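[1] Next comes the sequence, and after it the predicted model I'd like to discuss.
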Amino acid sequence: MRITIIPIQIYLLYLVCTSLVEYSNCTENNGIVNTITEQINMEKRLRTSFNELFKTYRNDSLFYKDYFMYACEDRCMGGYDNGLVAAFLLAVLSERRFVIHPQHGLPFYNEIYDTQNVEWKMTTDTLYNKSVDLVFKPGREKYRTNTDYQVIKKRLCEIDFELHFTSDVMILSGNEDIIIDLRRHPRTSCKIPWLFQTHVPDFIRLLHNGLFRLKDRTQNMITAELIEKVGDNKLTCFVGYQKNVQLNSVVNYLNSKFGNNYKLYVSSENDYFDGAKLRESSFVKSKLVHFDGRRILEETMKYSKRNVSADQNTLLHVIEVHILKFCEVLILADNTYDLLPSHLRRNDDNLYCYRHGIIFPCIRELISGTFRNKNNIPEPIDMMYFCSKNNTSCITEI
């Protein structure tokens, strides 16, 4: 068992700053402790806001007999941003209980997260003797995908939920962004009126914190890892590393922009990155920091009866998201595999994009457009199924 030793003055500062009361002296420059403090305090405020904004739904949903379920599939790209948010919105608009499927794609959420404000956890027994239907199901005609989604978005904004969502359990899967389109539904103005003035990344951040809270054990391990390895420095992160990326140019840019008081964490979807094997200067290597996500995962799942190895990469990705949200500076490469960390960070500034060796500022509210070709590839849809279930007239449009 590995024991992490943290300087007592830093740990005490962390305990004080993350207590129920927000202390003004915690806004001083105390490196990663200050970042952790501000992030955790922001998350507390978001949970309070979620509580107020969805107070009516939270109370009413306890009496709903029908369910709206989110089931993430393999191509969810992070699992719980656009697709999950759209599912929750549809649950609110259609007046159904929101739940997350306990097996499909997100089997370990019960192990990593506690419920927050809305009881989204369920068991397979919940589906016993209930009719189940899909909002839409995968198809094979990939060349028609983009047109298909335009039709779906249009119809979802007009649909009469009582007439077309007839099964006890309706399921939405995938990660397509239909959040903005749902603003046009007639029910939105009365049930979620503030959605018209909210940017999608802001709503993702609100919903994520309103629904999920890392278990204390996992959060404490991440916090200890950050304090131990970053200390008084600023945490900067590069997401989407590939072999052709020159970290020397990244480090030089960070030096010119933020001085020498930082550590660089490099994240990769694949196993390209190994700091020990990099052919970089000793100075570049001295700026790199590594977080032991596998140890955090092993400790998190230590008492679980589930087979961790089956979804280890998915679980490691979830833990990494909760590390990346503490980055003071976040650089996203053009092969970035998930935009969720940019949505969850407390600050909107110091967000950069990396493309063809060039680093340039990005705007959080528009970041999905910057990476559209990589992250917004729609999944093929069986349009005949969707139209027959929801609105037969749309068959003439495809």
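    Looks like it came in fine.
[2] so where's this protein shaky on pLDDT?
    Along the chain, segments meeting pLDDT under 70 span 1-30, 73-80, 102-110, 115-117, 124, 137-154, 269-280, 303-311, 335-337, 369-398.
[3] what's the domain layout of it?
    64-213+378-397, 232-375 (automatic domain parsing).
[4] Can you add distance to residue 55 and mean neighbour count and give these back as CSV?
    To be clear about C-beta, it is placed using only N, CA and C from the backbone, and glycine gets the same treatment. As requested, the domains of the chain are exported to CSV (distance: least, Cβ to Cβ, whole Å; neighbours: other Cβ atoms under 10 Å):
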stretch, distance to residue 55, mean neighbour count
domain 64-213+378-397, 9, 18
domain 232-375, 23, 17
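[5] Can you say which of those domains is nearest to residue 41?
    The closest of those to residue 41 is domain 232-375. By Cβ to Cβ, the value is 8.4 Å.
[6] just to revisit the earlier point, save the domains of the chain as CSV, and put in distance to residue 226 too.
    Below are these laid out as CSV (distance: least, Cβ to Cβ, whole Å):
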stretch, distance to residue 226
domain 64-213+378-397, 18
domain 232-375, 6
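[7] Nearest to residue 56, out of these?
    Taking Cβ to Cβ, domain 64-213+378-397 is the member of those nearest to residue 56, at 8.2 Å.
[8] Correct me if wrong: residue 133 contacts residue 172.
    No: with contacts counted by Cβ atoms under 8 Å, residue 133 stays clear of residue 172, the gap being 10.7 Å.
[9] and residue 44, which of the domains of the chain is closest to it?
    domain 64-213+378-397 (8.6 Å).
[10] For the residue nearest to residue 182 when sequence neighbours are not counted, what are phi and psi?
    Using Cβ to Cβ, 6 or more residues apart in numbering and skipping the chain neighbours, the partner closest in space to residue 182 is residue 89 (5.3 Å). Note on residue 89: its backbone torsions stand at phi -60, psi -40 [degrees, to the nearest 10].
[11] ok, residue 114 - contacts?
    Residues near residue 114 by Cβ atoms under 8 Å, 6 or more residues apart in numbering: 212-215.
[12] Which members of those residues occur in strands, if any?
    Members of those lying in strands (criterion: DSSP state E): 212-214.
[13] of these, closest to residue 268?
    Residue 268 lies nearest to residue 214 out of the ones in strands among the contacts of residue 114, by Cβ to Cβ, at 22.7 Å.
[14] From residue 287, how far out is that closest one?
    From residue 214 across to residue 287, the span is 28 Å (Cβ to Cβ, to the nearest Å).
[15] Who are the packing partners of the helix or strand residue 332 falls within?
    Assigned by DSSP states H and E, residue 332 belongs to strand 329-333. In terms of contacts (3 or more Cβ pairs under 8 Å, 6 or more residues apart in numbering; DSSP states H and E), strand 329-333 is packed against strand 234-239, helix 247-258, helix 340-344, strand 351-355.
[16] how many degrees apart are the next helix or strand after the second one and helix 247-258 in direction?
    Read that as helix 247-258. Of the helices and strands lying after helix 247-258 in sequence (DSSP H and E), the nearest is strand 262-267. Strand 262-267 and helix 247-258 are oriented at 140 degrees to each other (axes from the mean of the first three to the mean of the last three Cα atoms, to 10 degrees).
[17] Send me the helix or strand where residue 209 lies as PDB with only the CA atoms.
    For residue 209, the host element (DSSP H and E) is helix 200-211. Output of helix 200-211 as PDB, limited to C-alpha atoms (Å, rounded to 0.1, in the frame of the first residue of the first chain):
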ATOM      1  CA  VAL A 200     -24.400  24.600 -23.700                       C
ATOM      2  CA  PRO A 201     -21.000  24.200 -21.800                       C
ATOM      3  CA  ASP A 202     -22.500  26.100 -18.800                       C
ATOM      4  CA  PHE A 203     -25.500  23.800 -18.800                       C
ATOM      5  CA  ILE A 204     -23.200  20.700 -19.000                       C
ATOM      6  CA  ARG A 205     -21.200  22.000 -16.000                       C
ATOM      7  CA  LEU A 206     -24.400  22.700 -14.000                       C
ATOM      8  CA  LEU A 207     -26.000  19.300 -14.800                       C
ATOM      9  CA  HIS A 208     -22.800  17.300 -14.100                       C
ATOM     10  CA  ASN A 209     -22.400  18.800 -10.700                       C
ATOM     11  CA  GLY A 210     -26.100  18.700 -10.000                       C
ATOM     12  CA  LEU A 211     -26.300  14.900 -10.700                       C
END
